[in-house]
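Chemist: Predicted coordinates and the sequence they were generated for:
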Amino acid sequence: MKVYLVGAGPGDPGLLTLKGRDALARADVVLHDHLASDAILGFAPPTAERIYVGKKKANHSMPQEEIARLMIGHARAGHVVVRLKGGDPLIFGRGGEEMEALVDAGIPYEIVPGVTAALGIAAYTGVPLTHRDHTSAVTFVTGHDPAQIDWSRIGHAETLVIYMGLTAIGEISARLIAAGRSPATPAMAVRWGTRTNQRTIVATLADLPAQVAAAQMRPPASVIIGEVVALREKLNWFEKLPLFGQRIVTTRVGMAEPLRSLGAEVIELPTIAIEPPLDPAPLADAIRQLAVYDWLIFTSVNGVKGFLQALDDSSADLRQLRARLCAVGPATAAALAALHLKVDVIPREYVAESLVAAMEKCDLAGQRILLPRAAGARDVVPDALRQRGAQVDIVEAYRTVIPPTDLSSIQAVDWVTFTSSSTVKNFLALGGGRLLEQSARVASIGSVTSETARQHGLTVAVEAKESTIAGLIASVVEYRQTHSG
């Protein structure tokens with residue numbers, strides 16, 4: 001039994017420490033607050049019990065004593081417990097109180113520090129908390145109860161960071177000015193700092209309360225006051241990322257991290273789940289006679305994976321392979337390269353029609369070709385190759401199915417990305433048309449996907465110049481750069 005008090009950081013999942021991630025991976029129970037994102041909670045095992053124990057100023061879902069009771073109770077039951085807190089556990093996180101409760105109960109514990117909100121906000125707004133030309137001192141203070149703070153003592157701190165002070169910013173501003181702080185001191189309020197929906201208001205100390213009220217900014221937010229705030233105009237980088245503030249739905253696994261690195265808020269909504277073939281016998285039969293094939297054509301990474309799984313399940317191995325290899329696209333080629341297999345043909349464009357064109361110079365008369373692919377795929381490739389005299393054996397290597405997905409909680413988005421015709425059809429089958437009716441733009445990976453989208457009444461805003469994930473993302477960035485401002 002053990003309890004880990006883990007700082008989840010200020011919001012960006014990438015700021016969780018490696019030690020925090022490892023603690024979550026061992027957790028049987030996770031007690032988390034409302035600042036812990038789903039992405040961070042996802043590092044815990046699927047079997048781990050997740051218990052929300054968040055606190056907001058006017059809504060304490062669970063008293064502190066009950067949180068301590070839960071930690072102790074689950075630990076005594078032999079569980080590994082992670083108490084996951086936004087920011088750092090020991091900076092206005094009541095970590096000290098929870099440590100005392102654990103010591104009194106004789107429960108072993110470990111503290112895993114996190115990036116506190118002030119540091120994250122400073123980094124992601126371009127405001128250094130210290131600067132040789134401006135300040136060498138920083139003061140952290142809670143604004144939860146302004147009347148309890150001696151503002152005359154701390155009000156002249158060169159850089160002042162106020163946690164949990166947004167709802168009292170009017171009173172705080174008045175008390176600071178009354179204590180002698182200049183009304184013209186640069187100040188800013190930041191909501192959801194380090195997240196892709198970060199919102200920042202910059203003003204003077206005197207004007208900040210009115211601007212916060214006019215913008216209807218709500219917690220969670222922190223306030224930074226001091227001359228260093230004036231550096232934001234020059235040093236701000238995060239909010240200048242090309243996709244900052246864009247809410248993007250991805251319909252395929254593997255796109256989220258590149259989009260987040262460009263500032264986008266990503267809603268992962270996989271519309272395709274991969275399952276084994278209904279009847280594995282045809283692929284197994286093909287592998288038993290692998291040596292008879294002159295060509296092996298892969299049209300997707302999943303085709304490679306399905307083929308390899310069947311190969312592993314058989315008595316054969318890659319030594320039986322004498323065929324030349326063709327792969328549609330660099331990702332499929334990379335999957336083969338991981339097996340130290342060199343691809344002979346890669347089409348210029350990563351669609352079936354281009355694959356046919358790429359093999360025009362190959363003499364296919366009498367050639368035996370194996371095509372492991374998804375059930376229900378288009379017959380463009382096998383039909384064209386048969387017309388040139390090849391014998392093409394199509395075998396089902398995997399199936400694509402629609403996963404159970406609930407879209408009801410998703411609100412307005414800026415983009416929906418499609419990486420295949422199947423993602424278009426499945427997204428609409430899941431009820432995604434509602435989002436597309438709310439001004440969301442469609443981004444397509446290539447011409448075939450775009451045509452499917454148009455056949456279903458969708459308007460394609462951008463189409464990737466190169467039919468890859470990187471090409472799709474680049475097309476969205478280019479659109480934003482062309483149409484912004």
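Modeler: It's in.
Chemist: do you know how far the closest residue to residue 227 other than its chain neighbours is from residue 262?
Modeler: Residue nearest to residue 227 in three dimensions, not counting chain neighbours: residue 134, with 4.7 Å by Cβ to Cβ, 6 or more residues apart in numbering. All C-beta atoms are positioned from the backbone trio N, CA, C, and that covers glycine. Computed with Cβ to Cβ, to the nearest Å, the distance linking residue 134 and residue 262 is 31 Å.
Chemist: Pretty sure residue 442 sits against residue 423.
Modeler: No - using Cβ atoms under 8 Å, residue 442 is not in contact with residue 423, being 11.0 Å away.
Chemist: pretty sure residue 190 is in a helix, no?
Modeler: No - going by DSSP: H, G, I helix; E, B strand; the rest coil, the assignment for residue 190 is strand, not a helix.
Chemist: so residue 271 sits right up against residue 426, yeah?
Modeler: Yes - using Cβ under 8 Å, residue 271 makes contact with residue 426 at a distance of 3.8 Å.
Chemist: Show me the common contact partners of the two, please.
Modeler: Residues touching both residue 271 and residue 426 by Cβ atoms under 8 Å, 6 or more residues apart in numbering: 251, 402.
Chemist: can you list the domains in the chain?
Modeler: Taking automatic domain parsing as the reference, the chain has its domains at 2-114, 119-240, 247-272+404-483, 274-401.
Chemist: Tabulate those domains (CSV), appending mean pLDDT.
Modeler: Shown next, in CSV, are the domains of the chain (pLDDT from 0 to 100):
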stretch, mean pLDDT
domain 2-114, 92
domain 119-240, 95
domain 247-272+404-483, 91
domain 274-401, 91
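Chemist: show me where the stretch 251-400 of the chain has helices.
Modeler: For the stretch 251-400 of the chain, the helices defined by DSSP state H, counting those that start in this stretch occupy 256-260, 281-288, 301-313, 330-337, 352-358, 380-387.
Chemist: next one: the stretch 101-250 of the chain
Modeler: Along the stretch 101-250 of the chain, the segments classed as helices by DSSP H, counting those that start in this stretch run 117-125, 151-154, 169-178, 208-214, 232-235.
Chemist: I'd like to know which of those helices lies nearest to residue 255.
Modeler: Residue 255 lies closest, by Cβ to Cβ, to one member of these: helix 117-125, at 22.2 Å.
Chemist: Pull out the buried positions in that closest one.
Modeler: Within helix 117-125, the residues that qualify as buried are 117-125, counting by 16 or more other Cβ atoms under 10 Å.
Chemist: So what touches it?
Modeler: Residues contacting helix 117-125 (Cβ under 8 Å, 6+ apart): 9-12, 15, 86-87, 91, 127-129, 138, 140, 161, 163, 188, 190, 193-194, 198, 200, 222, 224, 232, 236, 238-239.
Chemist: Give the buried subset of the residues you listed as a PyMOL selection command.
Modeler: Buried residues within these, by 16+ other Cβ under 10 Å, are selected in PyMOL with:
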select buried, resi 9+10+11+12+15+86+87+91+127+128+129+138+140+161+163+188+190+193+194+198+200+222+224+232+238+239
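Chemist: What residue, apart from its backbone neighbours, is nearest residue 164 spatially?
Modeler: residue 144 (4.6 Å).
Chemist: I meant to write residue 114 there.
Modeler: Per Cβ to Cβ, 6+ apart, closest to residue 114 is residue 7, 1.8 Å.
Chemist: That neighbour and residue 92 touch, don't they?
Modeler: No - contact criterion Cβ under 8 Å: residue 7 and residue 92 do not qualify, at 11.6 Å.
Chemist: who's more crowded, these two?
Modeler: Higher neighbour count among residue 7 and residue 92: residue 7, with 26 against 19, using other Cβ atoms under 10 Å.
Chemist: contacting residues for the more buried one?
Modeler: Per Cβ under 8 Å, 6+ apart, neighbours of residue 7: 17, 20, 85-89, 93, 112-116.
Chemist: Please state the backbone phi and psi of it?
Modeler: The phi and psi values for residue 7, taken as degrees, to the nearest 10, are phi -80, psi 120.
Chemist: wait, residue 358 sits on residue 351?
Modeler: No - if you go by Cβ under 8 Å, residue 358 and residue 351 don't touch, sitting 10.8 Å apart.
Chemist: With neighbour numbers in mind, choose between these two.
Modeler: With neighbours defined as other Cβ under 10 Å, residue 358 and residue 351 compare such that residue 351 has more, 22 against 17.
Chemist: okay, now the closest residue to residue 378 other than its chain neighbours: neighbour count?
Modeler: Distances taken as Cβ to Cβ, 6+ apart put residue 352 closest to residue 378, at 6.0 Å, once the chain neighbours are dropped. By other Cβ under 10 Å, 20 other residues sit near residue 352.
Chemist: now swap in residue 320 and tell me
Modeler: Close neighbours of residue 320, defined as other Cβ under 10 Å, add up to 17.
Chemist: Kindly report the same for residue 309.
Modeler: 16.
Chemist: ok, now residue 287?
Modeler: 23.
Chemist: How about the contacts made by it?
Modeler: Listed by Cβ under 8 Å, 6+ apart, the contact set of residue 287 reads 307, 310-311, 314, 316.
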